[in-house]
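Visitor: 3D, please:
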Amino acid sequence: MDANIVVQSMKELVFAVNDSYEVTYVSPQISVITGKTTSESIGTLCYKEFVGRGSPCPNCPIKGLKGSDECKLFHDLIAHNGDRLFYTSSITSPESGLYLEVLTDVTEMYKENERARHQMKEMRAIQVTTQLQRGQIKGSYDFLNNVINSLGYGLLVADRDYNIVVVNSILKNHASSVSKHKLTRCYHVYNNDRPCNSCPYDNMRITKSPREMGDKSVTVTFEPYMDYIVESVRDTTREIRLINEIRNSQEEVREKQRQMELLNKDLLRMNDDLKVAQNRIDEELHQVGELQKSLLPEHLPMIDGFEFGAFYTPAEQAGGDYYDCIEMSNGYLGLTVADVSGHGTPAAVIMAMARAIMRSYTYDVISSSDALNMMNEILCDNIHTRDFVTMFYTVMDPATSKLNFASAGHNPMLHFDKSEMMVRTLTANGMFLGTFPNVEFEEKSLVLDEDDILFMYTDGLVEAMNAKREQYGLDRVISRLMMYSTSSCDRIINEIMSDVKSFTMNLPFDDDVTILVVKKTKTSYSEDTN
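Guide: The predicted model follows:
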């Protein structure tokens with residue numbers, strides 16, 4: 001039987017090279033990697049044809065093989081269609097100057113191991129997230145409980161079934177001393193057996209109503225919030241008695257004025273308590289903001305042939321914007337800009353979750369759409385509010401300047417094309433993260449040429465407003481990007497932000513502003529032309 005027929009029928013990929021790394025023979029299975037026929041691959045350099053390198057692989061053993069020696073290697077390849085493939089190979093030298101390599105496809109086995117590792121990481125992250133959430137919930141509960149109990153008036157929150165959800169100590173202690181009921185329903189506080197006649201759940205136009213609590217006359221102010229009613233209960237007995245006594249005696253009026261002064265002192269003390277509580281809130285927000293800044297990249301990547309620049313400023317002490325540069329172990333670079341709905345502490349917490357997921361689960365994932373799919377599934381399992389995340393994610397191979405990108409409902413990325421001296425808006429179909437499971441994300445690709453620029457941002461930049469409530473707009477960003485396209489990334493950002501501040505007359509931003517810029521520059525080394 002012809003040996004060539006036997007080789008062609010094998011599942012393994014077989015090829016032979018000489019001392020100059022030129023391919024002298026290759027089996028038809030090469031088309032899986034290169035998309036070429038055997039005749040097109042004969043005479044090419046193995047490290048260029050199969051691995052996409054400009055020089056021989058650093059771990060290539062063929063120069064040291066002798067006689068019956070055999071060497072085992074592991075190959076991580078990117079196929080012509082963008083698939084990532086993994087092979088184990090056996091290299092022998094049947095005769096001097098000829099080297100035979102047999103590659104066995106272990107992609108599925110490798111990916112199965114990767115999936116198992118990702119599942120273990122996911123379980124660990126969920127445990128960590130759960131512990132953090134428990135601590136945050138308990139801390140928030142204790143803080144809010146202390147605040148409402150420090151108020152100088154009664155406070156009650158009830159649901160649509162009249163169940164008491166929250167009651168502060170002032171109201172609870174007084175109601176327990178005069179009511180014949182256990183305080184489980186809101187009307188029990190007022191010693192009633194059924195809902196009150198002026199209940200706002202029966203008529204939402206009712207915002208204030210008088211009530212009786214034993215010998216006390218109180219005024220209840222109602223404020224709807226989502227599916228709850230917040231009741232502020234104030235003791236107005238003194239005010240009513242003062243009015244009656246003023247009618248009877250001028251002397252008694254002066255006495256009641258003294259009582260009003262005492263009441264005013266109580267209000268002043270209450271105001272001081274509220275200021276203390278507000279200062280505590282401000283301090284905690286400041287700490288959250290500092291923690292959030294520490295989660296942003298401390299240094300931008302330093303990659304030959306590329307320049308990077310970034311800018312971030314929150315609208316409040318803590319914000320929901322996020323950017324990151326993930327240098328993967330396989331040489332790829334992940335670049336992302338994201339925006340969490342809302343502001344303050346909740347947005348900062350979700351931003352921290354998004355960063356942890358990106359760096360724990362999508363690390364080394366070179367498909368931007370696959371990464372967003374993983375992000376969405378984990379966020380859907382862990383975000384139990386109405387918040388969501390928009391994100392633009394790009395994965396770049398610095399060795400080839402090729403990148404792929406996907407968008408989760410985020411603003412389009414701007415691409416300055418030096419060859420045509422124009423700016424394009426790049427986007428891909430995809431819903432925002434953390435709300436709808438099983439969402440598909442479109443993936444697109446691009447190759448950067450020298451002096452090309454990528455500009456990623458959040459909507460706080462283009463939606464910055466002046467005193468007339470006019471937005472800065474995307475056209476102004478594009479104009480500035482064109483004007484300073486020959487400048488460094490830092491200068492591009494500085495010029496755009498200077499123009500934004502001039503446009504808004506230095507008014508505070510209504511939303512967080514984040515910018516991430518990448519510029520393809522001339523490499524400092526000369527590439528191998530072999």
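Visitor: just the helices in this protein please.
Guide: 3-9, 31-34, 38-41, 46-49, 107-149, 169-178, 237-248, 250-295, 344-361, 368-382, 459-462, 474-483, 489-504 (DSSP state H).
Visitor: hey, least reliable of those by pLDDT?
Guide: Lowest mean pLDDT within the helices of the chain: helix 3-9, at a mean of 59.
Visitor: convert the longest strand belonging to the chain to PDB, retaining C-alpha atoms only.
Guide: Scanning the chain for the strand with the most residues, using DSSP state E, yields strand 84-95. The C-alpha trace of strand 84-95 is given here as PDB (Å, rounded to 0.1, in the frame of the first residue of the first chain):
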ATOM      1  CA  ARG A  84      -8.300  28.600  18.700                       C
ATOM      2  CA  LEU A  85      -6.900  25.000  18.300                       C
ATOM      3  CA  PHE A  86      -4.600  22.900  20.500                       C
ATOM      4  CA  TYR A  87      -2.300  20.100  19.400                       C
ATOM      5  CA  THR A  88       0.200  17.800  21.000                       C
ATOM      6  CA  SER A  89       3.000  16.900  18.600                       C
ATOM      7  CA  SER A  90       5.800  14.300  18.300                       C
ATOM      8  CA  ILE A  91       8.900  15.400  16.400                       C
ATOM      9  CA  THR A  92      11.500  12.900  15.100                       C
ATOM     10  CA  SER A  93      14.400  13.100  12.600                       C
ATOM     11  CA  PRO A  94      14.300  10.000  10.300                       C
ATOM     12  CA  GLU A  95      17.400  11.200   8.400                       C
END
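Visitor: residues making contact with it?
Guide: For strand 84-95, the external contacting residues (CB atoms under 8 Å, 6 or more residues apart in numbering) are 13, 32-33, 61-62, 65-79, 99-107, 109-111, 366. No exception for glycine: its C-beta is placed from N, CA and C like everyone else's.
Visitor: same deal with stretch 225-238?
Guide: 153-160, 165, 171, 186, 189, 200-201, 210-211, 215-224, 259, 263.
Visitor: right, and the helices of the chain - which one's nearest Glu420?
Guide: Taking CB to CB, helix 474-483 is the member of those nearest to Glu420, at 11.6 Å.
Visitor: just checking, what packs against the closest one?
Guide: Packed against helix 474-483, as judged by 3 or more CB pairs under 8 Å, 6 or more residues apart in numbering; DSSP states H and E, are the following elements: strand 413-417, strand 422-426, strand 453-457, helix 459-462, helix 489-504.
Visitor: show the buried residues in the contacts of stretch 225-238.
Guide: Those of the contacts of stretch 225-238 that meet the buried threshold are 154-158, 171, 186, 189, 200-201, 211, 217-220, 222, by 16 or more other CB atoms under 10 Å.
Visitor: now do the nearest residue to Val233 once chain neighbours are set aside against Met213, distance only.
Guide: Nearest non-adjacent residue to Val233, counting by CB to CB, 6 or more residues apart in numbering: Gly154, 3.3 Å away. Separation of Gly154 from Met213 (CB to CB, to the nearest Å): 9 Å.
Visitor: so what's the residue nearest to Val233 up against?
Guide: By CB under 8 Å, 6+ apart, the contact list for Gly154 reads Val167, Asn168, Ile170, Leu171, His174, Val218, Glu231, Ser232, Val233, Arg234, Asp235.
Visitor: now do Glu307
Guide: With the criterion set at CB under 8 Å, 6+ apart, Glu307 makes contact with Ser488, Cys489, Val518, Lys519, Thr521.
Visitor: pretty sure the last one is touching Ile303, no?
Guide: The reference is to Thr521. No. Applying CB atoms under 8 Å as the test, Thr521 and Ile303 come out as separate, 9.8 Å apart.
Visitor: higher neighbour count, those two?
Guide: Per other CB atoms under 10 Å, whichever of Thr521 and Ile303 has more neighbours is Ile303, with 18 against 15.
Visitor: who's in contact with the closest residue to the more buried one other than its chain neighbours?
Guide: Counting by CB to CB, 6+ apart, the nearest residue to Ile303 once its immediate chain neighbours are dropped is Pro398, at 5.0 Å. By CB under 8 Å, 6+ apart, the contact set of Pro398 is Ile303, Asp304, Gly305, Phe306, Gly331, Tyr332, Leu333.
Visitor: and the closest residue to the last one other than its chain neighbours, what does it touch?
Guide: Nearest residue to Leu333, sequence neighbours excluded (CB to CB, 6+ apart): Met396, at 4.8 Å. The neighbourhood of Met396, defined by CB under 8 Å, 6+ apart, consists of Tyr332, Leu333, Gly334, Leu335, Lys402, Leu403, Leu448, Val518.
Visitor: need the max-distance pair from the residues you listed.
Guide: Going by CB to CB, the pair spanning the contacts of Met396 furthest: Gly334 and Leu448, at 15.5 Å.
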